[in-house]
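# Curious how this folds, go ahead:
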Amino acid sequence: MEQLQALIFDVDGTLADTERDGHRVAFNKAFADAGLNWDWTVEIYGDLLTVTGGKERIKYFLQRYLPDFRPEGEFESFVADLHAAKTEHYKALMVDPGLPLRPGVERLLREAREAGVRLAIATTTTPANVTALLRNSLAEDAEDWFEVIAAGDIVPAKKPAPDIFVWALEQLKLPPESCMAIEDSDNGVKSVTGSGIRSLLVTVNDYTRNQDLGDATMVVDHLGGKEQPCKVLAGPDLINGQVDLDGLKKLHQYAWK
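Numbering: from 1, shown residues only. Below you'll find the predicted structure:
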């Protein structure tokens, strides 16, 4: 079995709770700017999260909730423009008021860097959204913490397709046996396992805690810390209060035994 050499992180819902209080709010601001009376409530957005990708989510919303809607002009351009406006709102929200990282995220990232474990990102969100979150919620140079940032439309098929993780592995020049993925959703689980990665930690949030995460090696409520210990919701008893690098190495061995 290969030793654990790299951690590949999802972003939305994993690094920070960006879906409900970030992306959803930004979408609604973009709708208002465009003169659309659409309101993506917390409940509606939960349904839309079954689809990955912002442009894809808009299309799914129209198909499911407004099948008779017809925009002025060409449909694909309408969706692309609306999504671009949403991205600008999201970037602004990351600056003011900003969003905190989830418990234990910064601690684990710093620990991995200090130990020489390579870091990567595999996400369906746009590169601009990743940059806005990292710079404002982690550190000004946080993009440089990650050797590979696989984001947005860099691959044609988004999660649950495995393409984004396959691409990240290719850029890292590592086999699946050397990597662990950290995700938050059922679509993420499918994407990870489809890429050949078996070592998978899931940190659930309000939108994903009731999803089918059965293929994850371990499920926790968050990464935890001394003042806010995490709970193991599924998987082996290898974590005590916080997800640290030693625990991840043990989990990696467990996944590949």
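# Okay, strands next: where are they in this protein?
Assigned by DSSP state E, the chain shows strands spanning 6-9, 118-122, 148-150, 179-183, 199-203, 218-220, 232-234.
# which residues does the closest residue to residue 164 other than its chain neighbours form a beta bridge with?
Distances taken as CB to CB, 6 or more residues apart in numbering put residue 122 closest to residue 164, at 4.6 Å, once the chain neighbours are dropped. All C-beta spots, glycine's among them, are computed from the backbone N, C-alpha and C. Beta-bridge partners recorded for residue 122 (DSSP bridges): residue 150.
# Next up, the contacts around residue 122.
Residue 122 makes contact with 8, 9, 10, 150, 151, 164, 165, 167, 168, 181, 191, according to CB atoms under 8 Å, 6 or more residues apart in numbering.
# Dump the strands of the chain to JSON lines, plus mean pLDDT and distance to residue 87.
Formatted as JSON lines, the strands of the chain follow (pLDDT from 0 to 100; distance: least, CB to CB, whole Å):
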{"stretch": "strand 6-9", "mean pLDDT": "98", "distance to residue 87": "20"}
{"stretch": "strand 118-122", "mean pLDDT": "98", "distance to residue 87": "17"}
{"stretch": "strand 148-150", "mean pLDDT": "98", "distance to residue 87": "16"}
{"stretch": "strand 179-183", "mean pLDDT": "98", "distance to residue 87": "22"}
{"stretch": "strand 199-203", "mean pLDDT": "98", "distance to residue 87": "25"}
{"stretch": "strand 218-220", "mean pLDDT": "98", "distance to residue 87": "30"}
{"stretch": "strand 232-234", "mean pLDDT": "97", "distance to residue 87": "33"}
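# domains for the protein, by residue range?
6-17+100-256, 19-95 (automatic domain parsing).
# Pick the most deeply packed of those.
Ranked by mean neighbour count, those are led by domain 6-17+100-256 with a mean of 19 (mean count of other CB atoms under 10 Å).
# Next, the distance between the ends of it.
Chord length of domain 6-17+100-256, first to last residue, is 15 Å (CA to CA, to the nearest Å).
# ditto for stretch 199-216
One end of stretch 199-216 to the other measures 8 Å (CA to CA).
# and it, how far out from the chain's middle?
With CA atoms, centre = their mean, to the nearest Å as the basis, stretch 199-216 stands 12 Å off its chain's centre.
# With stretch 75-82 instead?
Centroid separation for stretch 75-82 versus its chain: 24 Å, with CA atoms, centre = their mean.
# Please apply the same query to stretch 20-31.
With CA atoms, centre = their mean, you get 17 Å for stretch 20-31.
# ditto for stretch 126-146
Per CA atoms, centre = their mean, the centroid offset for stretch 126-146 relative to its chain is 13 Å.
# Repeat that for stretch 107-115.
With CA atoms, centre = their mean as the basis, stretch 107-115 stands 19 Å off its chain's centre.
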